[in-house]
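# Need coordinates for the below:
(2 chains)
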Protein chains: 2
Amino acid sequence: MAKKTKNNVVFRIWFFVDDEKLLGKGRVELLERIEKGGSIASAAKEMKMSYRQAWQMVSEMNQRARKKLVVKQLGGKSGGGATVTEEGKEAIKCFRELENKTRMFLEKEYKKLKF
Amino acid sequence: MAKKTKNNVVFRIWFFVDDEKLLGKGRVELLERIEKGGSIASAAKEMKMSYRQAWQMVSEMNQRARKKLVVKQLGGKSGGGATVTEEGKEAIKCFRELENKTRMFLEKEYKKLKF
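The predicted model follows:
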């Protein structure tokens, strides 16, 4: 009897600006966590990244997008927080939407393949 | 005046079998080059891989696919060649087809996004 196997298709998408990466899965997750927790430091920690790494990602996104996706607040003892801008929220929404649509599209198309 | 930028979406797809990678862009290119040149060694060289690396990829594909995608011929002084099987040709065709469809889908959907 043939071994039963599970075949499937896996994908990744990225948004690019002028041949440079603007957004991918990891960056969108970072934005979502900043939005939820209001802090780059805590988002970085949740994703097991250094603050430096997370800030580098935020900084690149801010430079490459039309408008900043994240703004930092200066503030008291805690060192202030960070907010995802309207542009940033739009970025998250667009990326997740396209990701979901692509998932549905690929699942449907993959089933049609005789492979 | 705002800097003119070129925004676009980039993607990759992979075929998986039982949570292990069967095919991706690189492996399909390897299969195509083996099909064209009839040799794993020359395909490896064209892709700037070691023979060992290429053979490892072929071996994994052969193990994970339902049927072998590449067969080696034993032969004379040259050490024999390699042939892409019917199953292998089908694999190339299916992957490239899905890749093209996904490209068209994403280009269309990306344009609709306001980002």
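# I'd assumed A:Leu74 was in a helix, is it?
No: per DSSP: H, G, I helix; E, B strand; the rest coil, A:Leu74 lies outside any helix segment and is coil.
# which other residues reach stretch A:42-51?
A:26, A:29-30, A:33-34, A:36-37, A:40-41, A:53-55 (Cβ atoms under 8 Å, 6 or more residues apart in numbering or on different chains). (Glycine included, C-beta is placed from N, CA and C.)
# So for the biggest helix by length in chain A, what gets flagged as buried?
Identified as the longest helix of chain A according to DSSP state H is helix A:86-112. The neighbour-count check on helix A:86-112 (16 or more other Cβ atoms under 10 Å in any protein chain shown) flags A:87-88, A:90-92, A:94-95, A:98, A:102, A:105-106, A:109-110 as buried.
# Take those and lay them out in TSV including distance to chain B.
Formatted as TSV, the buried residues of helix A:86-112 follow (distance: Cβ to the nearest Cβ, whole Å):
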residue	distance to chain B
A:Glu87	9
A:Gly88	11
A:Glu90	6
A:Ala91	6
A:Ile92	10
A:Cys94	4
A:Phe95	8
A:Leu98	6
A:Thr102	7
A:Phe105	5
A:Leu106	7
A:Glu109	6
A:Tyr110	7
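# Using JSON lines, please lay out the residues you listed together with pLDDT and distance to B:Phe15.
Converted to JSON lines, these look like this (pLDDT from 0 to 100; distance: Cβ to Cβ, whole Å):
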{"residue": "A:Glu87", "pLDDT": "96", "distance to B:Phe15": "36"}
{"residue": "A:Gly88", "pLDDT": "97", "distance to B:Phe15": "34"}
{"residue": "A:Glu90", "pLDDT": "96", "distance to B:Phe15": "33"}
{"residue": "A:Ala91", "pLDDT": "97", "distance to B:Phe15": "30"}
{"residue": "A:Ile92", "pLDDT": "98", "distance to B:Phe15": "29"}
{"residue": "A:Cys94", "pLDDT": "97", "distance to B:Phe15": "27"}
{"residue": "A:Phe95", "pLDDT": "97", "distance to B:Phe15": "24"}
{"residue": "A:Leu98", "pLDDT": "97", "distance to B:Phe15": "21"}
{"residue": "A:Thr102", "pLDDT": "98", "distance to B:Phe15": "16"}
{"residue": "A:Phe105", "pLDDT": "98", "distance to B:Phe15": "16"}
{"residue": "A:Leu106", "pLDDT": "97", "distance to B:Phe15": "11"}
{"residue": "A:Glu109", "pLDDT": "96", "distance to B:Phe15": "12"}
{"residue": "A:Tyr110", "pLDDT": "95", "distance to B:Phe15": "8"}
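# so who does A:Tyr110 touch?
By Cβ under 8 Å, 6+ apart, the residues touching A:Tyr110 are A:8-9, B:98.
# Among the buried residues of helix A:86-112, pick out the one closest to A:Trp14, please.
Closest to A:Trp14 out of those is A:Phe95 (9.2 Å), distances taken as Cβ to Cβ.
# Just give the closest residue to that closest one, not the sequence neighbours.
Among residues not flanking A:Phe95 along the chain, A:Val28 sits closest, at 4.8 Å (Cβ to Cβ, 6 or more residues apart in numbering or on different chains).
# Would you agree the one you found falls within a helix?
Yes: residue state for A:Val28 (three-state DSSP) corresponds to a helix.
# neighbours of it, just the number please.
20 (other Cβ atoms under 10 Å in any protein chain shown).
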